[in-house]
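Visitor: Return atomic coordinates for the entry below.
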Amino acid sequence: MLACIDLPEAVRFYVEKLGFNCNAMHGNPPVWADVERNGVSVMLNAPPAECVRRDVSRSSRDYQIYYFDAEGVVELHAKFASRGVAVSPLRVAFYGMKEFEVRDPEGHWLWFAEPTDEAPSEKE
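Guide: Below you'll find the predicted structure:
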């Protein structure tokens, strides 16, 4: 589960910007949600905001990467960009994946990738 300070905003981002479906959301105000894209579910929860701010440093999210296998990553990159999502440039990694990343409103690092035979675009 990904901790969110503003769960409704996070769900809106995943649905409207990234094309996930919201399968469930519980609580009033919401405290838990399940979003899904291409058969992969991500649960979001809303612990007390003051606890998240106190206990989870923003920089700690630099070390947590949520990696999604995605077909048509070039088209997906263009679609996200057209919806106003800040996307990194596409790149080919040394491990044979064409990929890009985005950050959700809570700072979670999301990478989208697919296998490729293209030569790496960056040096490792």
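
Visitor: Straight-line length of stretch 98-113, end to end?
Guide: This stretch, stretch 98-113, spans 5 Å end to end (C-alpha to C-alpha, to the nearest Å).

Visitor: How about it, which residues are buried there?
Guide: Within stretch 98-113, the residues that qualify as buried are 98-104, 106-108, 110-113, counting by 16 or more other C-beta atoms under 10 Å. (C-beta placed from N, C-alpha, C; glycine too.)

Visitor: residues contacting the closest residue to Pro8 other than its chain neighbours?
Guide: Leaving aside its sequence neighbours, Pro8 sits nearest to Pro30 (C-beta to C-beta, 6 or more residues apart in numbering; 5.9 Å). Shown in contact with Pro30 (C-beta atoms under 8 Å, 6 or more residues apart in numbering): Leu7, Pro8, Val11, Ala46.

Visitor: Recalculate using a threshold of 7 Å.
Guide: Leu7, Pro8, Ala46 (C-beta atoms under 7 Å, 6 or more residues apart in numbering).

Visitor: show me the contacts for the closest residue in space to the first one that isn't next to it in sequence.
Guide: When you say that, I think you mean Leu7. Once flanking residues are discounted, Leu7 sits nearest to Ala46: 4.0 Å by C-beta to C-beta, 6+ apart. Applying C-beta under 7 Å, 6+ apart to Ala46 gives the contacts Cys4, Leu7, Pro30, Val31.

Visitor: Could I have the ChimeraX command that selects the buried members from the residues you listed?
Guide: Burial among the contacts of Ala46 is assessed by 16+ other C-beta under 10 Å; the matching ChimeraX selection reads:
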select :4,7,30
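
Visitor: and of the contacts of Ala46, the nearest to Glu71?
Guide: The nearest member of the contacts of Ala46 to Glu71, counting by C-beta to C-beta, is Cys4 at 27.4 Å.

Visitor: Would you mark the buried spots in stretch 69-87?
Guide: For stretch 69-87, a neighbour-count test (16+ other C-beta under 10 Å) marks Ala70, Val73, Leu76, His77, Phe80, Val85, Val87 as buried.

Visitor: If anything else comes up later, I'll come back, but that's it for now.
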